[in-house]
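A.B. asks: Using only what follows, build the 3D model:
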Amino acid sequence: MQDPASSVGVGPAVSTVSPAAESSVVVLKTANVRSVPSLSGSVLVQLPAGTELSVIEISRRWAKVRRGDDVLGWINRALLEGAGPAYSQ
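C.D. replies: Numbers count the residues shown, from 1 in each chain. I've put the predicted structure just below:
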């Protein structure tokens, strides 16, 4: 008999968002956009409060965002306010 715990997936919780389900979000306060979903990722750009973005992927506490046609990187979801099917904290 197989141990039920051995069949549980332990990979990263990443969810890709379809274009129709992308969510609009607003940066709540100045925030760093990082190369990977981690505080150890390099800072690619810093965004001011009020910047509007689209979420294209979710990974636990992080959201991969884009502005217009430019994919920016990863931002901590606690720094975002948003709505839509892809964005729920």
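A.B. asks: give me the low-pLDDT residue ranges for this structure?
C.D. replies: Along the chain, segments meeting pLDDT under 70 span 1-21, 83-89.
A.B. asks: quick one, strands of it?
C.D. replies: 14-16, 23-27, 31-34, 43-47, 52-59, 62-67, 70-76, 80-83 (DSSP state E).
A.B. asks: relative to strand 70-76, how tilted is the second one?
C.D. replies: When you say that, I think you mean strand 23-27. If you take axes from the mean of the first three to the mean of the last three CA atoms, to 10 degrees, strand 23-27 sits at 70 degrees to strand 70-76.
A.B. asks: Run me through the strand neighbours of strand 23-27, direction for each.
C.D. replies: strand 52-59 (antiparallel), strand 80-83 (antiparallel) (DSSP bridges).
A.B. asks: contacting residues around the shortest one?
C.D. replies: Meaning strand 80-83. S23, S24, V25, V26, V27, L28, A31, L53, V55, A63, V65, Y87 (CB atoms under 8 Å, 6 or more residues apart in numbering). (Glycine included, C-beta is placed from N, CA and C.)
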